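In: structure here, sequence nowhere to be found:
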């Protein structure tokens with residue numbers, strides 16, 4: 001795909017396959033859920049005004065699910081120490 005008009009810049013399009021990646025689907029889902037939990041914290045003021053205590057409960061549930069998904073990723077052994 002050309003970039004920059006007539007400058008002749010281009011990049012190679014690569015196909016990303018989740019099955020051949022280093023991390024499993026749970027790893028990426030866990031990171032996505034934790035990103036939503038982070039956004040929940042960033043907007044906790046308006047959320048708590050709208051939802052009350054349920055905003056904090058929602059954040060705790062999202063964080064717990066995200067961490068559980070990350071911890072369930074047992075794709076490979078950790079690297080050996082030096």
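Out: Cool, the structure landed. The structure displayed is predicted, hence computed values, not measured ones.
In: where does pLDDT dip in this protein?
Out: Counting by pLDDT under 70, the chain contains low-confidence residues at 1-21, 75-79.
In: cutoff 50 now
Out: For the chain, residues meeting the criterion pLDDT under 50 lie at 13-19.
In: show me where it has its helices.
Out: Assigned by DSSP state H, the helices in the chain fall at 25-42, 44-51, 53-71.
In: tell me the buried residues in the longest one?
Out: What it means is helix 53-71. By 16 or more other Cβ atoms under 10 Å, the buried positions in helix 53-71 come out as 55, 58-59, 62-63, 65-66, 69-70. C-beta coordinates here come from the backbone N, C-alpha and C atoms, glycine included.
In: got TSV for the helices of the chain, with distance to residue 82 too?
Out: Rendered in TSV, the data for those read as follows (distance: least, Cβ to Cβ, whole Å):
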stretch	distance to residue 82
helix 25-42	25
helix 44-51	41
helix 53-71	25
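In: of all those, which one comes closest to residue 81?
Out: Judged by Cβ to Cβ, the one of the helices of the chain that comes nearest to residue 81 is helix 53-71, at 20.6 Å.
In: what angle do the closest one and helix 25-42 make?
Out: Put simply, helix 53-71 runs at 150 degrees to helix 25-42, going by axes from the mean of the first three to the mean of the last three Cα atoms, to 10 degrees.
In: ok, residues contacting helix 53-71?
Out: 26-27, 29-34, 36-37, 40-41, 44, 47-48, 51 (Cβ atoms under 8 Å, 6 or more residues apart in numbering).
In: buried members of these into PyMOL, please.
Out: Under the burial definition 16+ other Cβ under 10 Å, those of these that qualify are selected in PyMOL by:
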select buried, resi 26+27+29+30+33+34+37+40+47
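In: wait, doesn't residue 72 sit right on residue 26?
Out: Yes: in this structure residue 72 lies within contact range of residue 26 using Cβ atoms under 8 Å: 5.0 Å.
In: still on that earlier bit, kindly reformat the buried residues of helix 53-71 as TSV containing distance to residue 80.
Out: Converted to TSV, the buried residues of helix 53-71 look like this (distance: Cβ to Cβ, whole Å):
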residue	distance to residue 80
55	43
58	40
59	37
62	34
63	31
65	31
66	28
69	26
70	22
